[in-house]
Every structure is written in structure tokens, then in C-alpha cells.
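Engineer: Here is my input; please provide its structure:
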Amino acid sequence: ISKTIYINMVDYILPNPFLFLIILSLFLESEAYIKIPLTYYPINEYNDSTPANIINNIILQRVYANIDIGTPRKTINLALLFDTNEFFIADDPEYLYEKGLFKDLKFYKKDESNTSKEEDDSGSFQCCGYYFTQCFYRHDKFYFNNQEQIIQFYEAYDLEKPILPGAIGMKLKLPGHVCEENLSEESTFFGRLKKINLISSYDWSIFYNSKKYKKEEEGFLLMGSLPHEVDSDLGYYKKESFNETYIKKANMEQVGNNDIIKIEFDQVFGYYGKNESDLIENFTSIKNKDYKLVEFDYHLGGVLGSKDLLEEVNKAFQYYKEKNICFKETFLGFKYEYFYCKKEIGDGLKNIKEKFPGVKFQSNDLNYTFTLDADDLFLEEGDYIFCLMYFYSGKINFKMGKPFFKKYQFSFNYEGNYIKFYKEPQNDKSKSPEEGIPIYVLILAIFGTLLIVGIIVFIFFKFKLYNKYIRKKRANELTDDDFEYTSKI
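Structural biologist: You can find the predicted model right below:
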């Protein structure tokens, strides 16, 4: 029966070019993408002996991709690096361990994998890179989307940075750098995956599994597709949250070869407490272009604030500082200033939040004004409540970390050098999920439904009514039920 259905479906579809094109478009619209689990770990060893050590672990973090590799299959940690395009893996050398650094990471061990092999033409040579100086070419089996793929990478040693088990460089090129020839686009992690059709594009986004702060935060890296092209929920966002009709785009600013992500906002405003219209005059009047150039850093557990906002933040804590309930101290040597309070402050935290200054970042290209206020920036940890905005003397522009990215979702593409943001309905909760659905999606859905109904009706007539009224009866099926008898006959 299944063969008969298939043959009749082909006979029905092929003579109808329009229907054939619709079905073909369903396949052409599909996007190739992968999701890679992510985990945040602190850069330094866990230490909760002092508030300074706790804030150090909260702020200074690194996000790692959990990659499955080798035979037998094992999970390793590879750091995401946003200032390079290098894709390399270290072979668990002991010299990577440095006192005081977090080392509970999963390293690659080539001798434990049956599919690990050095490339025939590799040889040891001087590699040119930011994070290593020597390497071999090696390949092994990787696992993505329930597929197994042999992928080449740099087996690196003589690393410039300690305690890195390996890394995925998120950039594609390093223009003007002396390493550009060795570190080509094709040798990057993105380039290798696109070459074997595991991803359709160089678009990527980072999603978190929870809005709340968690120790060793988890999420995933979406590679090869924009969020609206993925027909599923993403992190704590429903799939209806991402509508291509509302995509806005802005250029990433490139200042130097190894910069992390930067975007220039058109205006940056400070305001008092919860009142966005009550602007902080001195803070808002700064005209320096660098002031509006904001850094995006996915490793960062907090927000590095502008020094020009420090005075207003200090005022918000002043009363409780005099009561020895809140404090301004430094961490990482005397480099950074931060604020924290004892948990006994109770309702006093509400008073601080009412006075705590907020910041608005206005982008004409993205057609949106982003905000950060007290509700985004306080975290209870242990016996203390920490403010996640910290300060560095001499730093005039902002560096955005996890509190900002948990509030706003972005997508990035280094090939086009742009940032994308879904203005609606992600931030407009008044809109229903049905609003703003692209017309082509509705057309495909209607024709898809009609196609399925047509197939069902066809099968019903073919195998029910045909057997009942048309097919000739066999000898053993003959009866006299088709004759009407009367008393005269």
C-alpha cells in the first residue's frame, strides 16, 4: 500500500508545476544551523572568603563551548574568543595550570581518541597567532546535530595565555595582522563548518537558559542562522519573539585588529532613579565620540560603568555607607571599584534603587533606546547584595556584560560586520504572537495544509470508495445481495 500511495502522489504532484514549486520551496527555505551548549566558569578559583573575592568570581568569567569530540565520544571545554579567529585545541599539558586560576575544565586528550590523527603534511612549525606560537595540524571526529564529522584544527602548544584548553575564535579575519595568511577565513571554526554545510551563514547568537543569575551559567551558541529562521523556542524566548519584519541592523565598529564587539550609540543619557525624563545634566552633556562607543563582552558577569556616573552611584549608597551597612571597596588589586551591602539592609535596598541612576543608550540604526537601571544590576550572593555595575578610573565608555545581554537579545555577523536586533515584538509584550507573521509563511502554511488535506482525501477515495464501487468482485465474494425478490418471482 505504501508503494502505491507513493506512486500516486508522484503521479499527482509532477503534472502540477505550481504545486511542485511550493513543495520544493519548503526544502529551499530550510536553514542549516547548530546549537552548541555553553557554560560560564570564573577565571580565578572559587573563593568566598571576602566580598572582594566573591565579586571577582561574579564579574571576571569566561564562556566555554561544550564540544563533543573523539572516539570514544567525550566532552571538552573550548573558550569562545571574540578578539581572534583562531580555532585551536591544546593537549592537556600541565604547564597550562597557573596558581590561583580556575582549572576544573575538560581538556582534550589525543591519545585517548581512536580517530585523532596528525595531518600527513603537518609537521611542527612556527604558528602565527595571538594565543599560541607553535602547533600541528590535526583532525578528529566532532559531533553536531546528531552528525559525525571529521574536522581539522590546530593542535596548539607554547600558548601565550595559560589555562586555555582550546578556543573557538569568533572572528573570520584579522585584517592587517601579520598572521592573516595563516589564519584565513577557511581555517576558522565558522569556515570549516560552512564548508561541510553544517551552517548556512556566519550569523551567530548567544542565548541563556534562564533570566535569573546562576552560578556556572548555562546557555547555548546558535550558529549558522538568525533566530527567526529557527522554528523553535530559544532559551527563555518563545519562537514568536523573533519576527524578521522587525529586524534592525547596525554596524559593528572596528577599532584595532583584536577588538571585541563594539557599537556606537547616537546618544547616551543618564537619569535619576526611575524617572527617565529627569536627566543628569553633567553626565549627559559629554560630547566625546569614544564615550558613545560601547563594548559588548559576553565573558563579563557585570557592567563596567563610565567613571562619570560614579559620583551619582556613590550618592545612592551614601546614607547606608555612613551606617556601615553598605560599602565601596576595590577588587583585583586596587584596579576596580564596586559597591555592596549586607543582607540586613532589608527594605533599605528599595531606597537605594529609587536613587540609583539609570542609563539610556539610543541607537538610530536599531531604532531603539536601551536602558540599564537598578532592577538589572543587583544580585544577592551569600551574606551580601552586590551591585553588578563596577568602575575603573580613567574608563569613560561602558562595557556591557551579562545583565545587558539577559535583557536584550542580539545577533552578530563578522562577514557583514553587523549587529541585528529584533525591535518588535521582543520588547513589546502588548502584541500577540499572531501579529507580524511574514506573508510568505502564511502562504506556505495555507498551501501546506491544502496539500495534506488533498493527500488524505485522495487516499480515502483511492482505497475506500474504489474498493466498494469499482473493483470487480472475486468469485468467493459473490452473493445474491444485489437482487430484489418478490412473491411473484
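Engineer: only C-alpha atoms for contact and neighbour calcs from this point on.
Structural biologist: Noted.
Engineer: excluding its backbone neighbours, what's nearest the spatially most central residue of the chain?
Structural biologist: For the chain, the residue nearest the mean C-alpha position is I206 (1.1 Å; Cα atoms, centre = their mean). Take I206 and drop its neighbours on the chain: the residue closest to it by Cα to Cα, 6 or more residues apart in numbering is L221, 4.7 Å away.
Engineer: Could you list everything that neighbour pairs with in the sheet?
Structural biologist: With beta bridges defined as DSSP bridges, L221 has these partners: I36, I206.
Engineer: The residue nearest to the centre of the chain and Y414, how far apart?
Structural biologist: For I206, the distance to Y414 under the criterion Cα to Cα, to the nearest Å works out to 15 Å.
Engineer: cool, and Q147?
Structural biologist: Distance from Q147 to Y414, counting by Cα to Cα: 26 Å.
Engineer: Kindly report the same for F339.
Structural biologist: From F339 over to Y414 the distance is 36 Å, taken as Cα to Cα.
Engineer: Which one of these two is surrounded by more residues?
Structural biologist: The residue with the greater number of neighbours, taking F339 and Y414 and applying other Cα atoms under 10 Å, is F339; the counts read 24 against 17.
Engineer: wait, what's in contact with the residue nearest to I206?
Structural biologist: L221 makes contacts with K35, I36, P37, L38, A65, W204, S205, I206, F207, as judged by Cα atoms under 8 Å, 6 or more residues apart in numbering.
Engineer: Quick check, the third one in contact with F220.
Structural biologist: It refers to P37. Yes. Applying Cα atoms under 8 Å as the test, P37 and F220 come out as touching, 4.2 Å apart.
Engineer: which regions of the stretch 1-150 of the chain sit below the pLDDT cut-off?
Structural biologist: In the predicted model of the stretch 1-150 of the chain, residues 1-30, 92-97, 120-129 satisfy pLDDT under 70.
Engineer: Please enumerate the strands of it.
Structural biologist: When assigned using DSSP state E, counting those that start in this stretch, the strands of the stretch 1-150 of the chain occupy the ranges 34-42, 61-69, 74-81, 87-90, 117-118, 125-126, 132-144, 147-159.
Engineer: Check which helices and strands the fourth one is in contact with.
Structural biologist: For strand 87-90, the elements it packs on are strand 147-159, strand 166-169, judged by 3 or more Cα pairs under 8 Å, 6 or more residues apart in numbering; DSSP states H and E.
Engineer: Just say which of these is most tucked in.
Structural biologist: Among the helices and strands packed on strand 87-90, ranked by average contacts under mean count of other Cα atoms under 10 Å, first place goes to strand 166-169 (a mean of 23).
Engineer: strand partners of that strand, parallel vs antiparallel please.
Structural biologist: With DSSP bridges as the criterion, the sheet partners recorded for strand 166-169 are strand 74-81 (parallel), strand 87-90 (antiparallel).
Engineer: Tell me which of the ones you listed is the most buried.
Structural biologist: Burial among the strands paired with strand 166-169, expressed as mean neighbours by mean count of other Cα under 10 Å, is greatest for strand 87-90, which shows a mean of 26.
Engineer: which other residues reach that one?
Structural biologist: Taking contacts as Cα under 8 Å, 6+ apart, the residues outside strand 87-90 that touch it are 78, 107-108, 153-157, 164-169, 187-189.
Engineer: Please consider this matter closed, and thank you.
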